[in-house]
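>>> this one's structure only:
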């Protein structure tokens with residue numbers, strides 16, 4: 001089955017498409033797709049029929065048809081937005097696109113029609129606080145969380161209605177954070193009720209228990225992403241969990257590394273296994289769907305570093321470095337089921 005990688009190359013206003021060898025992780029360039037100024041977040045529907053690109057400078061979202069045989073994307077249309085999209089993702093039905101706005105302090109939901117086009121105006125909008133950074137629905141598609149970095153420093157909790165696309169503040173509506181934490185992104189354990197958030201200012205990962213009935217988070221561990229004794233400037237960026245649920249990774253910008261952790265399956269507790277050097281300012285990274293390889297993009301030097309993942313320990317070993325273009329800002333890897 002073919003694998004394809006999609007990169008937002010913000011500095012050249014394009015989406016770069018590569019094939020990935022499923023055995024070796026080697027990348028082969030396929031084509032560049034012109035996108036527009038400020039292209040950053042990418043998303044795909046659950047059936048991998050439609051592909052979406054957010055342009056923060058528009059602001060707007062572009063809709064594409066995704067060809068599972070070739071990996072090519074065909075432009076369908078552009079939808080203007082009322083806010084810049086720092087992050088966006090479809091719900092589990094693929095009928096709605098949720099987005100978070102760092103600049104406007106907004107989260108909202110847009111319907112997606114049967115032809116894959118994002119619709120305007122939004123079906124829901126919530127003005128929250130500055131520096132909203134990420135939103136997605138949980139595996140049950142009933143809940144969503146919206147972390148805020150910097151001075152806002154909180155996580156909003158929502159109920160999600162998959163029939164209408166509307167978000168309703170949960171009780172309690174927020175998860176308070178210690179000063180200087182800055183929760184940025186999060187990921188769900190694939191089988192357990194654990195949620196892991198990386199903290200931009202805190203340079204750490206917080207583990208939460210997810211109440212599967214109420215859709216609320218309760219903290220149970222905080223671990224640093226940096227080695228002992230490191231005192232230079234650093235901020236965390238993205239976080240991803242291995243598809244097995246055994247390993248967790250977070251990127252450090254400043255230390256320029258990927259922090260690696262193991263996950264105790266019976267407790268959800270994290271244990272650090274070290275940091276692996278990355279390209280400069282690894283804002284975006286991702287794992288392939290099988291969890292054999294990790295790719296981290298250096299926003300400051302235009303390089304993409306490929307690593308193999310040890311399936312027993314979760315450790316990373318560098319494989320290759322690719323020059324992909326200025327300011328790579330998003331990494332998405334898809335396995336096509338033909």
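Thanks, I have it. Predicted model, so just to flag it, every value in this text is computed and none were measured.

>>> what mean pLDDT does stretch 299-314 have?
For stretch 299-314, mean pLDDT is 98.

>>> ends of that stretch, how far apart?
24 Å (CA to CA, to the nearest Å).

>>> Check which residues of it are buried.
299, 302-307, 309, 314 (16 or more other CB atoms under 10 Å). (Glycine included, C-beta is placed from N, CA and C.)

>>> same deal with stretch 85-95?
85-92, 94-95.

>>> And the buried residues of stretch 299-314, which is closest to residue 265?
Among the buried residues of stretch 299-314, residue 314 lies closest to residue 265 (CB to CB), at 12.9 Å.

>>> Would you quantify the distance from that closest one to residue 200?
23 Å (CB to CB, to the nearest Å).

>>> now swap in residue 82 and tell me
25 Å.

>>> low-scoring stretches of this protein, by residue?
Low-confidence segments of the chain (pLDDT under 70): 338.

>>> partner strands of the longest strand along it, parallel or antiparallel?
In the chain, assigned by DSSP state E, the strand with the most residues is strand 167-176. Partners of strand 167-176 in the sheet, by DSSP bridges, are strand 154-160 (antiparallel).

>>> Not counting its neighbours along the chain, what's nearest residue 80?
residue 60 (5.1 Å; CB to CB, 6 or more residues apart in numbering).

>>> what's the answer for residue 227, then?
residue 275 (6.0 Å).

>>> how deep is that neighbour tucked in, by neighbour count?
Residues lying near residue 275 (other CB atoms under 10 Å) number 20.

>>> what's across from it in the sheet?
Beta-bridge partners, per DSSP bridges, of residue 275: residue 259.

>>> ok, the closest residue in space to residue 86 that isn't next to it in sequence - contacts?
Nearest residue to residue 86, sequence neighbours excluded (CB to CB, 6+ apart): residue 102, at 4.0 Å. By CB atoms under 8 Å, 6 or more residues apart in numbering, the residues touching residue 102 are 84, 86, 130-133.

>>> and stretch 22-42, which residues are buried?
Buried residues in stretch 22-42, defined by neighbour count with 16+ other CB under 10 Å: 22, 25, 27, 30, 33, 35-36, 38-42.

>>> Out of these, list just those in strands.
Among these, the residues falling in strands (DSSP E) are 27, 30, 33, 39-42.

>>> Pick the one among these closest to residue 232.
Closest to residue 232, out of all of these and judged by CB to CB, is residue 40, at 26.2 Å.

>>> Which helix or which strand is home to the nearest residue to residue 29 once chain neighbours are set aside?
Of all residues beyond its chain neighbours, the one nearest residue 29 is residue 18 (5.5 Å), with distances taken as CB to CB, 6+ apart. Taking DSSP states H and E as the definition, one finds residue 18 inside strand 14-20.

>>> How far away from the center of its chain is that strand?
When C-alpha coordinates are averaged (CA atoms, centre = their mean, to the nearest Å), strand 14-20 and its chain have centres 17 Å apart.

>>> quick revisit: farthest pair in the buried residues of stretch 85-95?
Maximum pairwise distance among those (CB to CB): 21.9 Å, between 86 and 95.

>>> can you give me the strands for the stretch 101-250 of the chain?
Assigned by DSSP state E, counting those that start in this stretch, the strands in the stretch 101-250 of the chain fall at 106-111, 124-127, 136-137, 143-148, 154-160, 167-176, 183-188, 194-199, 204-210, 217-224, 235-241, 247-253.

>>> could the ones you listed be laid out in CSV, adding distance to residue 287 and mean neighbour count?
Putting the strands of the stretch 101-250 of the chain into CSV (distance: least, CB to CB, whole Å; neighbours: other CB atoms under 10 Å) gives the following:
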stretch, distance to residue 287, mean neighbour count
strand 106-111, 26, 23
strand 124-127, 31, 16
strand 136-137, 16, 22
strand 143-148, 21, 26
strand 154-160, 24, 22
strand 167-176, 26, 16
strand 183-188, 11, 24
strand 194-199, 14, 26
strand 204-210, 16, 23
strand 217-224, 20, 15
strand 235-241, 6, 23
strand 247-253, 7, 26
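
>>> Looking at the ones you listed, which is nearest to residue 283?
strand 235-241 (4.7 Å).

>>> Give me the sheet partners of that closest one and which way each runs.
Using DSSP bridges, the strands paired with strand 235-241 are strand 247-253 (antiparallel).

>>> Which other helices and strands does the strand holding residue 18 contact?
strand 3-9, strand 27-34, strand 39-44 (3 or more CB pairs under 8 Å, 6 or more residues apart in numbering; DSSP states H and E).
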